[in-house]
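K.L.:
Got a sequence here, can you model it:
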Amino acid sequence: MPHVVLEKAQLTPQLFQALEPFALKIDNGILKLGDRYINAAGTTALIESLAIENCKNQSFFIQLSQKDTSLTVRLLPLTDPEKSPGVKMLMAQIAKQIKDSSATIEYGKTNLQDYLLP
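P.N.:
Next up is the predicted model:
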């Protein structure tokens, strides 16, 4: 399953607010991040996502999970979309937004290195 671990990252209210919804036109479709939801404990967040590629629509949630001092960006297993390039690009964009929110955050383990920007 595609994922990005962000080291030295905490799912704080400030970090949650830094996640900006966006729509991005790509060659064969549109990628969109919508509403965000966080649990009461502040340990898990969900981001409503949409990938339209080659006339195929996929609605799903990207999950942020806090564990000690790392934050994992992954797909919510209940929505399980096809792991298309657009889906992976959305996950990488979220990881980049989080990384850019603090100079101390670093990329950890991932299988999305081809989609991550420095």
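K.L.:
use CA for all of it now, contacts and neighbours both
P.N.:
Fine.
K.L.:
Go through the protein and flag its longest helix.
P.N.:
Using DSSP state H to define each element, the chain has its longest helix at helix 85-100.
K.L.:
any weak-confidence spans in the protein?
P.N.:
Where the chain drops to pLDDT under 70, the residues are 118.
K.L.:
Where is the longest strand in it?
P.N.:
The longest strand of the chain (DSSP state E) is strand 56-67.
K.L.:
and the angle from that strand to helix 85-100?
P.N.:
Counting by axes from the mean of the first three to the mean of the last three Cα atoms, to 10 degrees, strand 56-67 lies at 30 degrees to helix 85-100.
K.L.:
Report the buried residues of strand 56-67.
P.N.:
Of the residues in strand 56-67, 58, 60-66 count as buried by neighbour count, 16 or more other Cα atoms under 10 Å.
K.L.:
all helices of the chain, in order?
P.N.:
13-18, 85-100.
K.L.:
Can you give the contact residues for the last one?
P.N.:
Taking Cα atoms under 8 Å, 6 or more residues apart in numbering as the criterion, the residues outside helix 85-100 that touch it are 2-4, 6, 15, 18-20, 31-33, 49, 51-53, 62, 73-74, 81, 105-107, 112, 115-117.
K.L.:
Thanks a lot, see you next time.
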